[in-house]
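> just need the structure, nothing else, for what follows:
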Amino acid sequence: MRGRRGLRATAAATALLCAATLAGCSAGGPDLVAPAPRPRPTPVWNAAPASVAAVGDSITRAFDACSVLADCPEVSWATGTDSTVNSLALRLLGPAGVAGKSWNLARSGARMAELPEQMAAAAAQGPELVTVMMGANDACRDRPEQMTPVEEFRASFTAALGRLRAGAPKAQVYVSSVPDLHRLWETGRVSPTGRQVWRLGICGAMLADAEDLSPAAEKRRSRVRERVVAYNGVLREVCAKDARCRYDGGAVFGFAFEGRQLSPWDFFHPSKDGQARLAEIAYRQVTRK
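Below is the predicted model:
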């Protein structure tokens with residue numbers, strides 16, 4: 001009897017000791033050796049990159065933001081030096097860093113087919129971060145029939161990331177969604193000046209006959225918006241396959257540009273205030289842990 005009571009007491013003590021040490025126990029008794037701490041994995045995304053290259057189209061070149069029919073890269077949301085815009089690069093690098101560690105390689109009028117070439121140029125600079133805002137011109141054609149097919153858009157974007165990885169395998173990529181062109185139409189069409197300027201041929205597939213609310217006109221605009229939504233789906237899907245790529249989750253597409261955030265010359269491109277809003281969105285996305 002005493003032997004059995006002794007065994008039970010020993011087993012109880014062993015169980016208590018196991019619980020206290022939080023260590024595994026073998027059948028023969030407690031394992032008093034604590035497990036070695038596992039090293040924390042290094043995060044793939046660096047929220048404080050030390051250099052920035054920007055690729056894209058007229059929005060990144062800040063076309064019509066300072067004067068009519070002219071680029072104004074100093075107020076670009078991505079790499080501008082203007083303190084009132086407070087670009088992404090200015091926030092990340094400071095004034096001195098923007099001068100020597102940022103590059104604006106975008107081109108006004110560019111479409112997605114040009115992005116592989118721009119990405120190769122960006123890779124040559126060895127940046128830690130590349131910003132991408134491309135696709136509006138693929139939808140902004142004279143007629144909906146001229147819009148870039150979705151699969152061509154996908155092939156070009158996939159090739160562009162491949163070109164970047166070939167030259168700068170560790171560069172991070174921030175991908176902006178394509179703006180909602182239908183919302184831009186809704187905002188600008190209330191301006192008589194805007195409607196007059198749009199008659200010159202800006203983004204005809206969406207903006208032509210801005211006051212026409214007939215079923216045919218609404219169908220035309222819906223086709224353009226659906227294509228933009230499809231483009232953004234491509235950006236999200238392709239980016240998700242790259243561990244160092246971050247899509248904005250539709251933040252730019254969902255942003256409601258107001259009248260003061262559109263260029264006073266074309267009522268389409270972002271004004272300085274609009275560029276500042278894009279910079280805010282980008283900074284939140286890039287620095288998100």
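> can you give me the strands in the protein?
25-26, 29-30, 52-56, 102-104, 129-133, 172-175, 245-247 (DSSP state E).
> relative to P116, which of those is closest?
Shortest distance between P116 and these, using Cβ to Cβ, is found for strand 52-56: 9.9 Å. To be clear about C-beta, it is placed using only N, CA and C from the backbone, and glycine gets the same treatment.
> re earlier: mean neighbour count, mean pLDDT and distance to L262 added to the strands of the chain, as CSV?
Shown next, in CSV, are these (neighbours: other Cβ atoms under 10 Å; pLDDT from 0 to 100; distance: least, Cβ to Cβ, whole Å):
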stretch, mean neighbour count, mean pLDDT, distance to L262
strand 25-26, 12, 41, 69
strand 29-30, 16, 46, 71
strand 52-56, 30, 98, 18
strand 102-104, 23, 98, 21
strand 129-133, 29, 98, 16
strand 172-175, 24, 98, 23
strand 245-247, 20, 98, 24
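> would TSV of those strands with distance to A78 be doable?
Output for those, formatted as TSV (distance: least, Cβ to Cβ, whole Å):
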stretch	distance to A78
strand 25-26	58
strand 29-30	59
strand 52-56	4
strand 102-104	7
strand 129-133	5
strand 172-175	9
strand 245-247	14
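> those strands: which one's closest to A65?
strand 102-104 (13.0 Å).
> return the list of helices and strands in contact with that closest one.
strand 52-56 (3 or more Cβ pairs under 8 Å, 6 or more residues apart in numbering; DSSP states H and E).
> identify the residue nearest I202 in space, chain neighbours excluded?
Of all residues not flanking I202 in the chain, F268 sits nearest, at 5.4 Å (Cβ to Cβ, 6 or more residues apart in numbering).
> I figured the one you found was touching G188, is that so?
Yes. The pair F268 / G188 is scored as a contact, 6.6 Å apart, by Cβ atoms under 8 Å.
> identify the contacts common to the two.
W198, L207, L262 (Cβ atoms under 8 Å, 6 or more residues apart in numbering).
> using JSON lines, please lay out the residues you listed together with distance to S87.
Shown next, in JSON lines, are these (distance: Cβ to Cβ, whole Å):
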{"residue": "W198", "distance to S87": "28"}
{"residue": "L207", "distance to S87": "27"}
{"residue": "L262", "distance to S87": "19"}
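> how long is stretch 197-207 end to end?
For stretch 197-207, the first and last residues are 10 Å from each other (Cα to Cα, to the nearest Å).
> ok, and for it, which residues are buried?
The neighbour-count criterion (16 or more other Cβ atoms under 10 Å) identifies V197, W198, I202, C203, G204, A205, M206, L207 as the buried residues of stretch 197-207.
> can I get these in a markdown table with pLDDT and distance to N104?
What follows is the buried residues of stretch 197-207, written out as a markdown table (pLDDT from 0 to 100; distance: Cβ to Cβ, whole Å):
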| residue | pLDDT | distance to N104 |
| --- | --- | --- |
| V197 | 93 | 26 |
| W198 | 95 | 27 |
| I202 | 93 | 23 |
| C203 | 96 | 23 |
| G204 | 96 | 28 |
| A205 | 97 | 27 |
| M206 | 98 | 26 |
| L207 | 97 | 26 |
